[in-house]
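Engineer: Based on what follows, work out the 3D shape:
(2 chains)
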Amino acid sequence: MRQTIVRNVGDLPTYGYGPRSGPWWGAMGFMALEGMGFALAIGAYLYLYAVNPNWPIGATPPDLWPGTAEVIVYLLSVIPNEMTNRAAHRQDLARVRTGLIVMSLIGIALLVLRGFEFAHLNTRWDNSAYGSIVWLILGLHTTHLVTDLGDTVVLTVLMFTRHAKPRRFSDVTDNVFYWNFVVLAWLPLYALLDWVPRL
Amino acid sequence: MEGIWRTPSGFFGALMSVDHKVVGRRYIVTAFAFLLLGGILAVLMRVQLAKPESTFLSADKYNQIFTMHGSTMMFLFAVPVMEAFAVYLVPLMVGTRNIAFPRLNAFSYWMFLFGGCFLWMSFALNVGPDVGWFAYVPLSSLQYTPTKRPDVWAQMITFTEVAALAVSVEIVVTVFKQRAPGMTLDRIPLFVWAMLVTSFLVMFAMPSIMVASTSLILDRLVNTRFYDSSSGGHPLLWQHLFWFFGHPEVYIIFIPGTGMVSAILATFARRPVVGYPVVILSLIATGFLSFGLWVHHMFVTGLPQLGAGLFTASSMLIAVPSGLQIFCWLATLWDGRPVYRTPLLFVIGFIVIFVMGGLSGVMVASVPIDTQVHDTYFVVAHFHYVLIGGAVFPLIGAVYYWFPKISGRMLSERLGRWNFWLAFVGFNVAFFPMHILGLIGMPRRVYTYTADMDWAHLNLLSSGGALIFALSFALLLVNVIQSLRSGTLAGDNPWDASTLEWATSSPPPPQNFDRIPVVKHRDPLWFDTESMPVVGGLSVERREVLLTSLAEAEPQVREASPEPSIWPLLTAIATTVFFIGSIFTPWAVLWGTPPMAVALIGWFWPAGHKEDEE
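Structural biologist: Reported below is the predicted structural model:
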């Protein structure tokens, strides 16, 4: 069939930020399905909570300090995260590098705190169904923390190489976006793991 | 242009392919290979049940075989084959050059292939799962099944779910962001709408089975207590998690079938489907409602009556959007000038069989009837009517319809008619008697029965029907092979269809379209008959796709599209080692992760291609 060019897109940019870029929507999709995974794990917790007369089963509630410390660090991490985001939008390479290093360090600090949290759960995974679901949920969120940290570290290294081209700033903003999800996911999980057993 | 988008040559090049058509074709062929394997198991079961007290299969073999049949058909055939068609067709239908995240797409295929091979190799080694396709605890717990069989089942789930979730995200992003300019939301082809809704269903349903299968493996491997009632666990938790996935799963299989029906009907009725918005809203309504039905699989577990009543109501409610779609299709046929070619025959077969399956569905939605026929052959009849009627008939119609696009050659119409009639008659002879068998009390999953039960005649009839049905698939295979060798050349648009996949050559070139079309009508090829409006200005030096806005499909960005890469395959191999290792030892999490991390870094690290450097 004959073709008629009715439109020229040659002057469009070759990368975009946020909803204009493909990877942003990809991150959105994965957040949706991972969020569903968290929701179902919470559902399983509440189901076991509902069918058992005693909760927590054969254990004391987790010690509060590690989870609470994490909440504080997570919430504070939003500030450097957003600063990295703005620097990436401005394509300010120096600040993006600093921001990514800070975010990597925060991720490592949170991982250490997470280790304490596991140690202070006051139950083992094989003690009871309570222990099992608590370890599963914490493990699930830790997986998110570790993968995001891995991603951040690789991106940090990348931004120090010759590959730190303008379109990589868009990748940085997607990484920032995903971190917010890791933070947001933690808040209900904290309430569930640390406070529901105290009800 | 072709040079830029081509898959590298040679064996190694083939392993690197990220072309959605190459991956889609592999996906389709692999899914059909699993259909063949699952079908052979079905025939074996029917041979065993053809007469009372048959010794053709042992009880243990039979348990493995029905589990393998169900698992293969659901996880390795039905869901993947629908996604496979989407992987091939959606980018063509929305007018773009490749699927979103093509490397993830390649990874998804390898995961599906390895997961399927893992299951079947285990079966060959007599470690095939034998706990039913829904692996209920406590039967599947370590205490009652101390072998590795349930672990194989559970980990196969993980493989296929990873694959399906990846494809779903790709489809959503392709449909949201890569539609040709002008393809506004109300101009998206119905098949694409169906796959969009299906993808969302996958994204929200499949995490449930992953939570379930993971926790089952943990119970069996490291003594967690999720399903151990002596330590606060609960067997019904398994059923809730399984069916929260399992019921939407039915619609994950059925909704793509409806999309195929809509595409085929419009072409062969020679008019657009009546009630385009009604069909879309029905699809979306079905998607939402499908999450509110799962408990109807659990009516005999002693749930509170109020809950059972609610789920009866919602189970009946979902018949409404399905019914609306059927009325739209009938109206399309009625108002059109139908051309009765093979694809349309399969669509009509679908309507007849699916309506019958829907009716027995409304029956089992009612608690008293369900209590009576639960775990009998009535249920087996019902879900085969729904799944084969609702998905396999449209699928075979779709094979006849899109084969010319994929291969460039037409399938034989004469063999096609034989194929249809053998399938239609064979299917009904095989499965209709099962309704009666169920009503007179024959339970599912029994490897044999005694002569005094009076089930022999109907079982023999059913087995005869199954052989005829199997023959219809053999005929399809013959047709495909003959056509690939010497079929009539198809040309770009052999059916005079209206959607964009028919605007390019058959088979399409690596870049799909030399120039991206501009869409001004819901049926672009029926509207623009003289000349096709297209976009200029995309790069001819590097792989580039056009991103457009979500609702109006206004061009926004010329985004780079990834080059071929071996890393998705290496990542899939590393993941396979991790997954298989972790059913034997929890330490696999430690030693299995670094190779995966390395492979992923290799995947994402810029290789200095043009696409990476702008």
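Engineer: Going by C-alpha atoms from here, please, whenever you check contacts or count neighbours.
Structural biologist: Fine.
Engineer: Pick out the residue of the stretch 451-600 of chain B closest to chain A.
Structural biologist: At 4.0 Å from chain A, residue B:537 is the closest residue in the stretch 451-600 of chain B, using Cα to the nearest Cα.
Engineer: Break down the stretch 351-500 of chain B into its helices, ranges please.
Structural biologist: B:367-373, B:377-387, B:393-407, B:413-439, B:456-486 (DSSP state H, counting those that start in this stretch).
Engineer: Neighbours of residue B:403, how many?
Structural biologist: 20 (other Cα atoms under 10 Å in any protein chain shown).
Engineer: measure it to chain A for me?
Structural biologist: 22 Å (Cα to the nearest Cα, to the nearest Å).
Engineer: what's near enough to touch that residue?
Structural biologist: Going by Cα atoms under 8 Å, 6 or more residues apart in numbering or on different chains, residue B:403 touches B:409, B:410, B:411.
Engineer: For the first one, give me its contacts.
Structural biologist: Spelled out, it's residue B:409. Contacts of residue B:409 (Cα under 8 Å, 6+ apart): B:403, B:483, B:484, B:487, B:488, B:489, B:490.
Engineer: Out of those, which end up buried?
Structural biologist: Buried members of the contacts of residue B:409, counted by 16 or more other Cα atoms under 10 Å in any protein chain shown: B:403, B:483, B:484, B:487, B:489, B:490.
Engineer: Need the pLDDT of the second one.
Structural biologist: You'll see residue B:483 listed with a pLDDT of 97.
Engineer: Just confirm it contacts residue B:408, I think it does.
Structural biologist: No. If you go by Cα atoms under 8 Å, residue B:483 and residue B:408 don't touch, sitting 9.6 Å apart.
Engineer: For chain A, which segments count as strands?
Structural biologist: In chain A, the strands defined using DSSP state E lie at A:2-8.
Engineer: Residue of it nearest chain B, please.
Structural biologist: residue A:10 (4.0 Å).
Engineer: For that residue, which non-adjacent residue is spatially closest?
Structural biologist: Leaving aside its sequence neighbours, residue A:10 sits nearest to residue B:537 (Cα to Cα, 6 or more residues apart in numbering or on different chains; 4.0 Å).
Engineer: and what of residue A:192?
Structural biologist: Here the residue nearest residue A:192, using Cα to Cα, 6+ apart, is residue A:42, at 7.8 Å.
Engineer: check contacts around the one you found.
Structural biologist: A:137, A:189, A:192 are the contacts of residue A:42 under Cα under 8 Å, 6+ apart.
Engineer: how far away is it from residue A:124?
Structural biologist: 18 Å (Cα to Cα, to the nearest Å).
Engineer: Surely residue B:1 and residue B:512 touch.
Structural biologist: No. In this structure residue B:1 lies outside contact range of residue B:512 using Cα under 8 Å: 10.2 Å.
Engineer: The helix or strand that contains residue B:547 pairs with which strands?
Structural biologist: Residue B:547 belongs to strand B:544-548 when elements are defined using DSSP states H and E. Looking at strand B:544-548 with DSSP bridges, its partner strands are strand B:555-560 (antiparallel).
Engineer: Between strand A:2-8 and the partner strand, find me the angle.
Structural biologist: Comparing the axes of strand B:555-560 and strand A:2-8 via axes from the mean of the first three to the mean of the last three Cα atoms, to 10 degrees yields an angle of 100 degrees.
Engineer: Tell me how far stretch B:112-128 lies from the chain's centre.
Structural biologist: Per Cα atoms, centre = their mean, to the nearest Å, the displacement of stretch B:112-128 from the mean C-alpha position of its chain is 19 Å.
Engineer: how about it: buried residues?
Structural biologist: Quick answer for stretch B:112-128 (16+ other Cα under 10 Å): B:112, B:113, B:114, B:115, B:116, B:118, B:119, B:120, B:122, B:123, B:127, B:128.
Engineer: List of residues touching that stretch?
Structural biologist: With Cα under 8 Å, 6+ apart as the criterion, stretch B:112-128 contacts B:30, B:64, B:68, B:72, B:76, B:129, B:147-149, B:152-153, B:155-157, B:159-160, B:163, B:576.
Engineer: Quick check: longest helix in chain B by residues?
Structural biologist: helix B:235-269 (DSSP state H).
Engineer: The next helix or strand after that helix near chain A anywhere?
Structural biologist: Of the helices and strands lying after helix B:235-269 in sequence (DSSP H and E), the nearest is helix B:276-289. No. Using Cα under 8 Å from any Cα of the partner chain, we find that helix B:276-289 stays clear of chain A, coming within 14.6 Å at best.
Engineer: same for the helix or strand following helix B:276-289, what does it pack against?
Structural biologist: Next along the chain after helix B:276-289, taking DSSP H and E as the criterion, comes helix B:305-317. Packing partners of helix B:305-317 (3 or more Cα pairs under 8 Å, 6 or more residues apart in numbering or on different chains; DSSP states H and E): helix B:367-373.
Engineer: Tell me the buried residues in the helix it packs on?
Structural biologist: B:367, B:370, B:373.
Engineer: Pick out the lowest-pLDDT one from those residues.
Structural biologist: If you rank these by pLDDT, residue B:367 sits at the bottom with 90.
Engineer: pretty sure that one is touching residue B:312, no?
Structural biologist: Yes. Contact status for residue B:367 versus residue B:312: in contact at 7.1 Å, counting by Cα under 8 Å.
Engineer: centroid residue for chain B?
Structural biologist: Compute the mean C-alpha point of chain B, and by Cα atoms, centre = their mean the closest residue is residue B:79, 2.1 Å away.
Engineer: Contacts for the host helix or strand of that one next, please.
Structural biologist: For residue B:79, the element it lies in under DSSP H and E is helix B:79-94. Helix B:79-94 is contacted from outside by B:20-21, B:23-25, B:27-28, B:31-32, B:97-99, B:164, B:167-168, B:171, B:174-175, B:178-180, B:183, B:188-189, B:192, B:195, B:252-253, B:256-257, B:499-501, B:512, using Cα under 8 Å, 6+ apart.
Engineer: Mark which of those are part of helices, please.
Structural biologist: Those of those lying in helices (DSSP H): B:20-21, B:23-25, B:27-28, B:31-32, B:164, B:167-168, B:171, B:174-175, B:192, B:195, B:252-253, B:256-257.
Engineer: tell me what the longest helix of chain B is packed against?
Structural biologist: helix A:22-51, helix B:79-94, helix B:190-222, helix B:276-289, helix B:319-335, helix B:342-364, helix B:377-387, helix B:393-407.
Engineer: repeat that with 6 Å
Structural biologist: Packing partners of helix B:235-269 (3 or more Cα pairs under 6 Å, 6 or more residues apart in numbering or on different chains; DSSP states H and E): helix B:190-222.
Engineer: Neighbours of the closest residue to residue B:75 other than its chain neighbours, how many?
Structural biologist: Spatial nearest neighbour of residue B:75, excluding adjacent residues (Cα to Cα, 6+ apart): residue B:160 at 6.5 Å. Number of residues near residue B:160 (other Cα under 10 Å) recorded here: 24.
Engineer: Against residue B:53, how distant is the residue in chain B sticking out farthest from the centre?
Structural biologist: Relative to the C-alpha centroid of chain B, counting by Cα atoms, centre = their mean, residue B:452 is the outermost residue, at 40.4 Å. Here the criterion is Cα to Cα. By it, residue B:452 lies 11 Å from residue B:53.
Engineer: Repeat that for residue B:132.
Structural biologist: Counting by Cα to Cα, the gap from residue B:132 to residue B:53 is 22 Å.
Engineer: Looking at these two, which one has more neighbours?
Structural biologist: Summary of the neighbour comparison: residue B:132 and residue B:53, criterion other Cα under 10 Å, with residue B:132 having more neighbours (21 against 14).
Engineer: Spatially, what comes nearest to that one if we skip its sequence neighbours?
Structural biologist: residue B:67 (4.4 Å).
Engineer: Please write out the alpha-carbon positions of whichever strand or helix holds the one you found in CSV.
Structural biologist: According to DSSP H and E, residue B:67 maps onto helix B:59-71. Extracted C-alpha coordinates of helix B:59-71, given in CSV (Å, rounded to 0.1, in the frame of the first residue of the first chain):
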residue,chain,number,x,y,z
ALA,B,59,-2.4,-46.2,40.8
ASP,B,60,0.9,-44.3,41.4
LYS,B,61,1.5,-43.7,37.7
TYR,B,62,-2.1,-42.5,37.3
ASN,B,63,-1.6,-40.0,40.2
GLN,B,64,1.4,-38.6,38.5
ILE,B,65,-0.3,-38.5,35.2
PHE,B,66,-3.4,-36.6,36.2
THR,B,67,-1.2,-34.2,38.1
MET,B,68,1.1,-33.7,35.2
HIS,B,69,-1.8,-33.4,32.8
GLY,B,70,-3.4,-30.6,34.8
SER,B,71,-0.2,-28.8,35.7
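Engineer: Noted, bye for now.
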